[in-house]
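Q: Take this sequence and fold it.
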Amino acid sequence: MVDRPFLVAACGFLLAAASACGNCSGPPPAPRGPKTPAAGGTTVRFDPKKSEELDIAVGEEKSFEIELVGEGPVPWNEVRISTTCECLTAEYAGKPTETRAKVRVTIHGIEEEDIEGGVTAEEVKDGKERTLDEHLVNLAIRRKPFVMPREVAIEPTAEGRFEIVVGQAFKPDATLPDTILVDVGGFDAAKVELIDMADETKRDLKNALMLTRLVFVVVAEDRKAPFETKVDVEFGAPPVKATVKVRWPGLK
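A: You can find the predicted model right below:
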């Protein structure tokens, strides 16, 4: 068992409240080619128009991608992405084509609530703003155990280091367990090695968030070849079990 070091900083709990512009994402560089907007001004729509209801834990973050689709060539430098609540942030993902742009949406489980959030595309031109379309996201945020990420694609660094975080939020006046981690039960020790773990408890007026950060590296003898494996963890009160898929691309 690895000794537990001093507490480390939490992984992004309770983002600072953002203004409307704080949740905005500036556009990426516009693609080469024609930049003439569709007749009558820029016309884009989100695909899909609405997300299925998403269930997330307080303290958890989860991302997904949607697309903006233009009826003709779109001047993306004139299209701004913003969100309607601090539990959502959105930004362009990758380089757009003339008619399509990917948008990465991240959900932040800040407090227990049911809320309908929105991701908005706005035309910003000549000092004027015009709403083009909105993607709706129904959220159910609850105090329950969570693991982040649910799948790991390890960066091909020299040691193949990666982290898994388990956590759970409780009411601020609740009696807390000693640790949120019950067991790191199953992983292939011939492929990955657990080298560190650290606990932290973060409190505010609405929640007491308990976290355990697990740090792994790829075993040196197995770093050249790509592989897929898994890590089984048990955590929470009452305990739950989860399996995190792990992919290693190998070192060239």
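Q: Residue 234 reaches residue 182, doesn't it?
A: Yes: if you go by C-beta atoms under 8 Å, residue 234 and residue 182 touch, sitting 4.1 Å apart. From N, CA and C alone the C-beta is placed, and that goes for glycine too.
Q: List the buried residues in the strand ranked longest in the chain.
A: When the chain is scanned for its longest strand (criterion: DSSP state E), the result is strand 128-142. Residues of strand 128-142 classed as buried: 132, 133, 134, 135, 137, 139, 141 (neighbour count, 16 or more other C-beta atoms under 10 Å).
Q: Repeat that for stretch 170-178.
A: The neighbour-count criterion (16+ other C-beta under 10 Å) identifies residue 170 as the buried residues of stretch 170-178.
Q: Span of that stretch from start to end?
A: Separation of the first and last residues of stretch 170-178 by C-alpha to C-alpha, to the nearest Å is 13 Å.
Q: what does it contact?
A: For stretch 170-178, contacts defined as C-beta atoms under 8 Å, 6 or more residues apart in numbering pick out 143, 201, 203, 204, 205, 206, 207, 208, 209, 210, 237.
Q: Identify those among these that sit within strands.
A: Per DSSP E, the contacts of stretch 170-178 map to strands at 201, 203, 208, 209, 210.
Q: quick one: which of those residues has the most company?
A: Among these, residue 210 has the most neighbours (other C-beta atoms under 10 Å), with 27 neighbours.
Q: any idea how far residue 176 is from it?
A: Look at residue 210 and residue 176: by C-beta to C-beta, to the nearest Å, they are 6 Å apart.
Q: Between those two, which contacts overlap?
A: Jointly contacting residue 210 and residue 176 under the rule C-beta under 8 Å, 6+ apart are 170, 201.
Q: tell me the domain ranges of the protein?
A: Per automatic domain parsing, the structural domains of the chain span 21-142, 146-248.
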